[in-house]
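Chemist: Have a look at this prediction, sequence included:
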Amino acid sequence: MTRISFEYFPPKTDAQREQFEHAHELLSQLRPEYCSVTFGAGGSTLSYTQEAVLGLQRRHDTQVAPHLSCQGGSVEEIRALLDTYRKAGVRRIVALRGDVPSGMAAAGEFRYACDLVRFIRRETGDQFALDVACYPEFHPECDSPERDMVHFRDKVAAGADGAITQYFFNADAYFRFVDDAARLGVDVPIVPGIMPITNYRQLARFSDMCGAEIPRWLRQRLASFDHDQDADGLRDFGTEVVVKLCERLLAGGAPSLHFYTLNRAAATSRILEALGITPETKAEAS
Ligand SMILES: Cc1cc2nc3c(=O)[nH]c(=O)nc-3n(C[C@H](O)[C@H](O)[C@H](O)COP(=O)(O)OP(=O)(O)OC[C@H]3O[C@@H](n4cnc5c(N)ncnc54)[C@H](O)[C@@H]3O)c2cc1C
């Protein structure tokens, strides 16, 4: 049975908490390997991340993996957070640099994610499984694909157990990235990050920010749906595109799928159902 994991963002308001709880209630029936919770750079959502992680962890129905971004954080803050998570029974962390505010150099005691990975390994040994981020279409700040790959290799060599990709819609970019990483000696699983398509404007905004490409044919098609009048048409088309992408990735050997759920269950569940992954099939397989 295909392994899956889900990513949430930490809710800040009561309405968002309700939406998050509802999404997790439905998605946890799909028995993910783990659920991760994102982290705001510079500590802006630190307490919300912690609250969401500890809340999920208390239920014991899913393994929780907090994202931990080192941008702007001090050694003492990160040490304390690791301690809190360890005591709460967290066993997996997604270790990141975080986004540097535009026009600023990386601040804080950790410059890159590899510094954080090294620090966590030094401080906590093998207590946490560590995942890192990677970019099949390359990180937007990096001026050379080769250098970006070398930085990725070094980050894994610092002690990561696996990597999750930025989302993409071009499976060839993923396969090429995995091959190039293997050639450099990277032998950890590289899990595709999957972004369901439900809202073209939001997707276009995200993609411009994070450097994930929406191919021209897809952009044109998505833009042609009337956002207000034909949300269902866009949703069905988006589901079909992402299901085909997932099928290709799995057929080509992707080790599992990590879904950017945006704290909504419906879009992710629809894709998984089309892939034959439902609460029933998961229950039968376990
Ligand atoms: C799966 C996933 C989850 C994410 N979750 C979050 C989250 O929860 N919170 C959040 O704020 N952001 C999150 N992000 C976004 C991420 O923080 C940004 O993309 C950030 O800009 C880079 O983080 P990183 O950990 O990949 O950084 P790094 O691995 O440090 O890389 C950042 C840049 O520095 C370069 N670099 C790395 N090492 C060196 C070196 N030694 N010398 C010179 N250059 C170097 C790299 O090539 C790259 O261009 C996530 C991204 C992904 C893919």
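Modeler: Here it is on my side, so go on.
Chemist: need the residues of the chain near the ligand, please.
Modeler: Proximity of the chain to the ligand, by Cβ under 6 Å from any ligand atom, involves residues 38-41, 67, 69, 94, 96-99, 112-114, 133, 139, 141-142, 148, 151, 155, 164, 166, 193. For the C-beta atoms, the positions are set from N, CA and C on the backbone; glycine is no exception.
Chemist: Among those residues, which are located in helices?
Modeler: Of those, the ones assigned to helices by DSSP state H are 113-114, 148, 151, 155.
Chemist: Now the buried members of those.
Modeler: Buried members of those, scored by 16 or more other Cβ atoms under 10 Å, are 113-114, 148, 151, 155.
Chemist: Let me have those in a markdown table, adding distance to Ala88 and pLDDT as columns.
Modeler: A markdown table is the format used below for those (distance: Cβ to Cβ, whole Å; pLDDT from 0 to 100):
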| residue | distance to Ala88 | pLDDT |
| --- | --- | --- |
| Ala113 | 23 | 97 |
| Cys114 | 26 | 97 |
| Asp148 | 34 | 97 |
| His151 | 31 | 98 |
| Lys155 | 26 | 98 |
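Chemist: Of the residues you listed, which is the nearest to Ala204?
Modeler: Asp148 (23.4 Å; Cβ to Cβ).
Chemist: Do I have it right that that closest one meets Ala133?
Modeler: No. Counting by Cβ atoms under 8 Å, Asp148 sits too far from Ala133 to count as a contact (11.5 Å).
Chemist: And Val64, what's its pLDDT?
Modeler: Looking at Val64, its pLDDT stands at 97.
Chemist: hang on, I meant Glu109
Modeler: 82.
Chemist: Give me the distance between it and Gly125.
Modeler: Separation of Glu109 from Gly125 (Cβ to Cβ, to the nearest Å): 21 Å.
Chemist: If you count surrounding residues, which of those two has more?
Modeler: Glu109 (15 against 9; other Cβ atoms under 10 Å).
Chemist: That one - nearest residue in space that isn't next to it in sequence?
Modeler: In this structure, Glu109 finds its nearest non-sequential neighbour in Val75, 5.3 Å apart by Cβ to Cβ, 6 or more residues apart in numbering.
Chemist: Next up, phi/psi of the one you found, please.
Modeler: For Val75, the backbone dihedrals (degrees, to the nearest 10) come out as phi -60, psi -40.
Chemist: so can I have a markdown table of the ones in helices among the residues of the chain next to the ligand showing distance to Arg79?
Modeler: Output for these, formatted as a markdown table (distance: Cβ to Cβ, whole Å):
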| residue | distance to Arg79 |
| --- | --- |
| Ala113 | 17 |
| Cys114 | 18 |
| Asp148 | 29 |
| His151 | 25 |
| Lys155 | 20 |
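Chemist: Return the member of those nearest to Arg221.
Modeler: Once Cβ to Cβ is applied, the member of these that ends up nearest Arg221 is Asp148, at 29.4 Å.
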